[in-house]
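Engineer: here is a sequence with its predicted model. Questions after.
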Amino acid sequence: MKIVVLDGYGANPGDLSWEPMKALGELTVYDRTELKDLQTRAKDADALLTNKVPLRRETIESLPKLKYIGVLATGFNIIDTEAARERGIPVCNIPAYSTDSVAQMVFAHLFAITNRVEHYAALNRKGFWSNNPDFCYWDTPLHEIAGKTMGVVGLGNIGRKVAEIARTFGMDVFAFTSKSSSDLPAGIQKTTMEGLFGISDVISLHCPLTDTTRGFINKDSIKRMKHGAILINTGRGPLVNEADVAEALKTGELGAYGTDVMSKEPPAADNPLLTAPNAYITPHIAWATYEARVRLMDIAVANVRAFTEGQPQNVVNP
C-alpha cells in the first residue's frame, strides 16, 4: 500500500517518528504541499493523509487508486466527505487527542490577561525590578479569577474540560449547550446565549463553525456582554468578526481577547487584531504540545492499521 502524507510538518516537525507508519506500507512524507503539486503527489496513493491540504470533489474523483483518507486533525471540513463516500473511501479523523492541551491553552490565555507574567518578565530583563525603590511593583491591573463567572459556549470534550478546570479555580460556570441540564456535570449550569453573555466575566468559545455560528461574536453580541468582559477563542477563527472585536478592544467594551485561531491563517499583516490593545494572539498552537502530537501520531497509525485490517475506525463519513 502506498501512503502519502501531504503536509506532515505541522504534526511532526522532526521530533517524532514516522517509523510506525512506514511499517504499514510504502510511505512518502511531504512537509507541505501546494495545490499545484497536489495531483502529482497524490496520483499513485492508496492512502492520503492530510492536515490542512484540502481534498475537494474534483481531486477525489481524479484519483482512481485512492482507497483511504486520513485527517491529521479532528476537524475534517477540508475534505469533501460526500464525494469520498460515493467512492467508498472512508475518511478517518483523530478525535479528542488535544482536549487537555487546548483546555490548558484557554487558561494560559486567561492568566496572560489577568496576571501578565510575560509583561513583568520582560520588564525585569530590562532591570525594572533591580532599580525599583520598593520590594515589588506593578503597572497593570491584576485580578483573581476565583469568584468570577466563566461562560462556556459549546460543551463538547474541550468545553467540558474547560468548565471543569474553571470550577477547580473557584469560578461559577455557565454553559450554552445542546445537552440537557440533567446531562451536565455538577456545578455547571445551562443557560441561553443571551443569559451567558449577560452574566459572564470570561467567555470561552468551543462551538463548531457553522452557518449559524460564523461571526456570531460581533458588535451586536458584544454590546450584550458585560462591559470589559474577557473573550477567549480556541475554537475557530471565523466564530468572531475580527474587525468588530478589534474595535471593541479599542473602546474598552471588551477587556481583552485571547485567541489561538484567526479567520485566515497565517493572518494578513493588516489584520486589525494584530495591533489592537489587549489582544493576546498565539499562532494556532493549542493542539501542538508534544504529548498531544504523540497521541495524534499514534491514532493516525492506528487508523491506517485498522483500515488495512478491514475494520476502519474514527470514520466521519459512514
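Structural biologist: Here it is on my side, so go on.
Engineer: what comes into contact with the one helix or strand residue 249 maps to?
Structural biologist: Assignment of secondary structure by DSSP states H and E places residue 249 within helix 242-251. Residues outside helix 242-251 that contact it (CB atoms under 8 Å, 6 or more residues apart in numbering) are 217-219, 222, 231, 254, 256-257, 262-263, 271-273, 276-279. Placement of C-beta: from N, CA and C, glycine included.
Engineer: which of those count as buried?
Structural biologist: Restricting the contacts of helix 242-251 to buried positions leaves 217, 222, 231, 254, 256-257, 262-263, 271-273, 276, 279, with burial counted as 16 or more other CB atoms under 10 Å.
Engineer: got JSON lines for those residues, with pLDDT, secondary structure and distance to residue 130 too?
Structural biologist: JSON lines is the format used below for the buried ones among the contacts of helix 242-251 (pLDDT from 0 to 100; DSSP: H, G, I helix; E, B strand; the rest coil; distance: CB to CB, whole Å):
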{"residue": "217", "pLDDT": "98", "secondary structure": "strand", "distance to residue 130": "42"}
{"residue": "222", "pLDDT": "98", "secondary structure": "helix", "distance to residue 130": "41"}
{"residue": "231", "pLDDT": "98", "secondary structure": "strand", "distance to residue 130": "36"}
{"residue": "254", "pLDDT": "98", "secondary structure": "strand", "distance to residue 130": "35"}
{"residue": "256", "pLDDT": "98", "secondary structure": "strand", "distance to residue 130": "29"}
{"residue": "257", "pLDDT": "98", "secondary structure": "strand", "distance to residue 130": "33"}
{"residue": "262", "pLDDT": "98", "secondary structure": "coil", "distance to residue 130": "37"}
{"residue": "263", "pLDDT": "97", "secondary structure": "coil", "distance to residue 130": "42"}
{"residue": "271", "pLDDT": "98", "secondary structure": "coil", "distance to residue 130": "37"}
{"residue": "272", "pLDDT": "98", "secondary structure": "helix", "distance to residue 130": "37"}
{"residue": "273", "pLDDT": "98", "secondary structure": "helix", "distance to residue 130": "34"}
{"residue": "276", "pLDDT": "98", "secondary structure": "coil", "distance to residue 130": "32"}
{"residue": "279", "pLDDT": "98", "secondary structure": "strand", "distance to residue 130": "30"}
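Engineer: so which of these comes closest to residue 58?
Structural biologist: Proximity of the buried ones among the contacts of helix 242-251 to residue 58 was ranked by CB to CB; the top entry is residue 263 with 25.2 Å.
Engineer: got a list of what that closest one touches?
Structural biologist: Per CB under 8 Å, 6+ apart, neighbours of residue 263: 237, 238, 240, 242.
Engineer: and the residues you listed, which two are the farthest apart?
Structural biologist: The largest separation in those, counting by CB to CB, is between 238 and 242 at 8.8 Å.
Engineer: ranges for the helices of the stretch 101-250 of the chain?
Structural biologist: With helices called from DSSP state H, counting those that start in this stretch, the stretch 101-250 of the chain shows them at 117-125, 157-168, 193-199, 219-223, 242-251.
Engineer: where's residue 129 relative to residue 117, distance?
Structural biologist: Distance, residue 129 to residue 117, using CB to CB, to the nearest Å: 13 Å.
Engineer: also residue 243?
Structural biologist: The span separating residue 243 from residue 117 equals 29 Å under the rule CB to CB.
Engineer: do residue 239 as well
Structural biologist: Relative to residue 117, residue 239 is positioned 27 Å away (criterion: CB to CB).
Engineer: ok, now residue 204?
Structural biologist: Note on residue 204: its distance to residue 117, by CB to CB, is 20 Å.
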